[in-house]
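**Q** The sequence and its predicted three-dimensional model are supplied below.
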Amino acid sequence: MIKLLPRYIFNFVVLVVIQVFVLNNIQLGGFINPYFYVLFILVLPFEIPTWVLLLVAMLLGLSIDLFSNTLGMHSSATVFMAFLRPYILKVIAPRDGYEKETLPQLKYYGAAWFIRYASILIFAHHLFLFYIEVFSLSNFFATFVRVVLSSIFTILLVLISQYFFRKDSRK
Amino acid sequence: MRSLLNFLLRIHFLLLFILLEVFSISLLLNNNKFHKARFVNFSRQMSGNIYTKINNLKKYISLAEENDRLAKENTRLLNILESTYKSDELFFRSVNDTVLNQRYRFTTSRIVNNSVNKKHNFITINKGDLQGIKPEMAVVADGMLVGVTKGVSKNYSTVISLLNLDLKISAKIKKNGYYGSLGWDGKGYSAAVLNEIPLHANIQPGDTIITSGYSSIYPEGILIGFIDSFKEKSGSFFEIKVRLATDFKNLSNVNVIGNLMQNEIFNIEEQTEKND
């Protein structure tokens, strides 16, 4: 797992930079906003201790918050998502469990598994994030539509990124 | 002890999650104006509702007392009614157009929460924006000063009590008109301190202190209290201890005074300052 550390640090920095400088400026139709940085939480190794997972999520959320001036918003949503991750992994585990030396990525467990895994967590994250952002339950459905559309957009981005790096790491 | 530690260890994931969430939400509430305002508004509305319920109960208990007071007030009003006096010289009569020249408007309101034991005491009343209450209106009870409104939500407002270290009021001595600044010193709910009265002013214990009317918030002549004792301070001014007329421990109904000409006064003062 230590081997992977430099790669994850690199991931972290790149994802935050992409999110802050590119994706935060994209607002399709005025309100669809992709939050691609959650990919970092998705592809963390299976064996990561849960407390590390939560702390890393907090750190990730905080760094996004610092740059987008929404202190506490992304961090709470990301921590929530990290909290769900172990349970989701348990629920949708393949019949013979997860193999050693693999990561929760598309190339190891196939598109169907990965889409299920990613969409549940991304949807949870976006749900939390958008409701925290408006901070009320009035206009429930307007917010809900935003959650769904943004989730779809983020899931698409995450999938594309998975295919993008697929060939590369097989070598 | 050991089993407790074991238990904590077993649920450390959940604990850490809750801890981090609480931390994030507190960050959110402290750093984002919108979320903070929403939260404060929500909690004010909630606490207002609860206090109303409690107060309704209290009001019921003190019903007899209140009835008594009302009966007395009624008799007093009947006594000063015009019809109880014999009138004989109505040749001239000045018509006082009260609507055109109305300067202050009074709104009756009930106190739903009150405190006297903090350094910054606030009162919550059950009238708000919908009933025409705005921030910075004077609040009086039976013609005696209570405070000034600060936060206003839809149906409730908070009032900065006179018993708040932050509140300073322009007050004057009734018999000779010397004015100064009155504030609470944080010592007991029945006394306040009046400063900036010059040494040559002739004052006696027992003199009446009223509002000066030099601010656009308070009308002139609202009773504040009576001089209790005074001493020289730094050679040029009196420091006067004032016994407050209002009994802050026994408040139930107050009047909120809106100054209908406040805007006009503000505007002209602003213009004058600009032209200088």
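**A** Good, I have the coordinates. Numbering: from 1, shown residues only, chains lettered A, B, ... in the order given.
**Q** can you give me the helices in the chain?
**A** Just going to use chain A. Using DSSP state H, the helices of chain A run over residues A:5-21, A:39-42, A:50-68, A:73-91, A:106-134, A:140-164, A:166-170.
**Q** ah, no, chain B please
**A** With DSSP H, the ranges of helices along chain B come out as B:2-10, B:12-31, B:33-61, B:63-79, B:262-275.
**Q** Among those, which comes closest to A:R146?
**A** A:R146 lies closest, by CB to CB, to one member of the helices of chain B: helix B:33-61, at 16.9 Å. C-beta coordinates here come from the backbone N, C-alpha and C atoms, glycine included.
**Q** Just the pLDDT at residue 1, thanks.
**A** In the absence of a named chain, chain A is used. pLDDT for A:M1: 65.
**Q** hmm, I had chain B in mind actually
**A** On the pLDDT scale, B:M1 gets 77.
**Q** burial measure for it, as a count.
**A** Other residues near B:M1 come to 5 when the count uses other CB atoms under 10 Å in any protein chain shown.
**Q** And B:E136, by the same measure?
**A** 15.
**Q** thought it was touching B:V152?
**A** No. When contacts are counted by CB atoms under 8 Å, B:E136 is not listed as touching B:V152 (9.8 Å).
**Q** Quick check: buried residues in stretch A:68-75?
**A** Buried positions in stretch A:68-75, judged by neighbour count with 16 or more other CB atoms under 10 Å in any protein chain shown: A:70-75.
**Q** Adding pLDDT and distance to chain B, write the residues you listed out as CSV.
**A** Converted to CSV, the buried residues of stretch A:68-75 look like this (pLDDT from 0 to 100; distance: CB to the nearest CB, whole Å):
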residue, pLDDT, distance to chain B
A:T70, 83, 7
A:L71, 86, 4
A:G72, 87, 3
A:M73, 89, 6
A:H74, 92, 9
A:S75, 93, 4
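**Q** From the rest of the structure, what touches stretch B:147-155?
**A** Contacting residues not belonging to stretch B:147-155 are listed as B:41, B:44-45, B:48, B:122-123, B:125-131, B:133-139, B:157-162, B:164, B:167, B:217-218, B:256 [CB atoms under 8 Å, 6 or more residues apart in numbering or on different chains].
**Q** Can you give the distance from it to the centre of its chain?
**A** 9 Å (CA atoms, centre = their mean, to the nearest Å).
**Q** Pull that stretch out as CSV, backbone CA atoms only.
**A** Listed next in CSV are the C-alpha coordinates belonging to stretch B:147-155 (Å, rounded to 0.1, in the frame of the first residue of the first chain):
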residue,chain,number,x,y,z
GLY,B,147,-34.7,48.9,25.6
VAL,B,148,-34.4,49.0,21.8
THR,B,149,-35.2,46.4,19.2
LYS,B,150,-32.4,44.7,17.4
GLY,B,151,-33.1,41.6,15.5
VAL,B,152,-36.5,41.2,13.7
SER,B,153,-37.9,38.0,12.3
LYS,B,154,-41.3,37.5,10.8
ASN,B,155,-43.2,37.3,14.1
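**Q** hmm, stretch B:6-14 in reach of chain A?
**A** Yes. Stretch B:6-14 reaches chain A (CB under 8 Å from any CB of the partner chain) through B:12-13.
**Q** Give me the contact list for that stretch.
**A** With CB under 8 Å, 6+ apart as the test, stretch B:6-14 has contacts from A:50-51, A:54, A:83, A:86, B:15.
**Q** which one of those residues has the most neighbours?
**A** Neighbour-wise, those (other CB under 10 Å) top out at A:L54, 23 neighbours.
**Q** got a list of what it touches?
**A** Contacts for A:L54 were tallied using CB under 8 Å, 6+ apart; they are A:79, A:82-83, B:13, B:16-17, B:20.
**Q** quick one: contacts of stretch A:69-88?
**A** Outside stretch A:69-88, the residues within contact range by CB under 8 Å, 6+ apart are A:35, A:38, A:41, A:50, A:53-54, A:56-58, A:60-62, A:64-65, A:68, A:117, A:120-122, A:124-126, A:128-129, A:132-133, B:13, B:17, B:20-21, B:24-32.
**Q** about what we covered before: could I get the contacts of A:L54 as CSV with distance to A:V91?
**A** Compiled in CSV, the contacts of A:L54 are given as follows (distance: CB to CB, whole Å):
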residue, distance to A:V91
A:V79, 20
A:A82, 16
A:F83, 14
B:F13, 16
B:L16, 21
B:F17, 18
B:L20, 23
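**Q** Name the member of these with the most neighbours.
**A** In terms of neighbour count, A:V79 stands highest of those at 31 neighbours, by other CB under 10 Å.
**Q** Flag every residue of chain B that's near chain A.
**A** B:12-13, B:16-17, B:20-21, B:23-32, B:34-35, B:38-39.
**Q** Pull out the buried residues from these.
**A** Among these, those scoring as buried are B:16-17, B:20-21, B:23-25, B:27-29, B:32, B:35 (criterion: 16+ other CB under 10 Å).
**Q** hmm, back to that, quick check: which of the helices of chain A is nearest to B:F266?
**A** Evaluated with CB to CB, those place helix A:106-134 nearest to B:F266, the distance being 35.7 Å.
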